[in-house]
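Enquirer: Quick one, what's the 3D model for this:
(chains A and B)
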Amino acid sequence: DAGVIQSPRHEVTEMGQEVTLRCKPISGHNSLFWYRQTMMRGLELLIYFNNNVPIDDSGMPEDRFSAKMPNASFSTLKIQPSEPRDSAVYFCASSKTSGGPQETQYFGPGTRLLVL
Amino acid sequence: KQEVTQIPAALSVPEGENLVLNCSFTDSAIYNLQWFRQDPGKGLTSLLLIQSSQREQTSGRLNASLDKSSGRSTLYIAASQPGDSATYLCAATIISSGSARQLTFGSGTQLTVLP
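Expert: Numbers count the residues shown, from 1 in each chain, chains lettered A, B, ... in the order given. Alright, predicted model coming up:
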């Protein structure tokens, strides 16, 4: 399996522009997570989906952020309009919610976003 | 709300030394405790997962322990090597709505092993 795939790997944009980050989870996984990592706040959960349904978006910083999962193999995280403080590394992770205690999340390589 | 703390924030050791990384969590009602490794510019890789009913897990030169009552976990690395240089993060897992495992991460310990 190719693992969790994220695109783009790097994104540089100007303040006010729309940014769309993409994620393809591991095939067969039914949970998908979006995280943001910054030096100041560490790794924070933004939102997660279970069977394509958003379960908890309490970590989404504000209305400028939105996430969708139209099918089991694709998710997007959109920032509109973007601001310099959104600069961070955004990770997508997936897991198979089987109920087993060994369940873990598999992380993608991340998208490094810089908003000028 | 679960809070996870890791000490120290950074650690530098000579090659061959044994070392311990510390992790503490505030809510003992965890499902499991995981240790991850993050290399610069890369994603996270799971190293060890300790179920709440377990006391420790071992993989090669790595040994992780869990003490739920005190809210602590340690990651022991034996005979450290330069290739162990990375940031190590611990994460406490809870069961959230929808049965998904929700992780709360510590801020990590940046380890440098000097040749």
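
Enquirer: contacts, neighbours, all on C-alpha from now
Expert: OK.

Enquirer: State whether B:Gln110 and B:Gln6 are indeed in contact, as I suppose.
Expert: No: in this structure, B:Gln110 is not within contact of B:Gln6 by CA atoms under 8 Å, at 10.3 Å.

Enquirer: next SSE after the least confident helix or strand in chain B by mean pLDDT?
Expert: The weakest-scoring helix or strand in chain B, judged by mean pLDDT, DSSP states H and E, is strand B:101-105 (a mean of 84). Downstream of strand B:101-105, the first helix or strand assigned by DSSP states H and E is strand B:109-114.

Enquirer: Contacts (any at all) between chain A and that following strand?
Expert: No: Strand B:109-114 is not in contact with chain A by CA under 8 Å from any CA of the partner chain; minimum separation 11.5 Å.

Enquirer: List the buried residues for that strand?
Expert: B:Thr109, B:Gln110, B:Leu111, B:Thr112, B:Val113, B:Leu114 (16 or more other CA atoms under 10 Å in any protein chain shown).

Enquirer: go on, stretch A:50-59?
Expert: A:Asn50, A:Asn51, A:Asn52, A:Val53, A:Pro54, A:Ile55, A:Asp56.

Enquirer: do stretch A:34-52 as well
Expert: By neighbour count on 16+ other CA under 10 Å, the buried set for stretch A:34-52 is A:34-37, A:43-52.

Enquirer: where exactly do the strands run in chain B?
Expert: B:4-7, B:10-14, B:19-25, B:32-38, B:44-51, B:56-59, B:62-67, B:72-77, B:86-95, B:101-105, B:109-114 (DSSP state E).

Enquirer: What strands line up against the first one, and which way round?
Expert: In the sheet containing strand B:4-7, its partner strands are strand B:19-25 (antiparallel), by DSSP bridges.

Enquirer: As PDB, could you dump the C-alpha coordinates of the strand it pairs with?
Expert: Listed next in PDB are the C-alpha coordinates belonging to strand B:19-25 (Å, rounded to 0.1, in the frame of the first residue of the first chain):
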ATOM      1  CA  LEU B  19      18.300   7.200  27.500                       C
ATOM      2  CA  VAL B  20      14.800   7.700  28.800                       C
ATOM      3  CA  LEU B  21      12.200  10.100  27.400                       C
ATOM      4  CA  ASN B  22       9.300  11.100  29.700                       C
ATOM      5  CA  CYS B  23       5.600  11.700  29.000                       C
ATOM      6  CA  SER B  24       2.900  12.600  31.400                       C
ATOM      7  CA  PHE B  25      -0.900  12.900  30.900                       C
END
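
Enquirer: any idea of the pLDDT on the closest residue to chain A within chain B?
Expert: Nearest residue of chain B to chain A: B:Gly43, at 4.2 Å (CA to the nearest CA). Model confidence at B:Gly43, given as pLDDT, is 88.

Enquirer: out of the buried residues of stretch A:50-59, which touch chain B?
Expert: Restricting the buried residues of stretch A:50-59 to those near chain B by CA under 8 Å from any CA leaves A:Asn50, A:Ile55, A:Asp56.

Enquirer: what sits opposite the last one in the beta ladder?
Expert: What that stands for is A:Asp56. Here A:Asp56, judged by DSSP bridges, has bridge partners A:Tyr48.

Enquirer: Help me confirm that it comes into contact with A:Ile47.
Expert: Yes: using CA under 8 Å, A:Asp56 is in contact with A:Ile47, at 5.7 Å.
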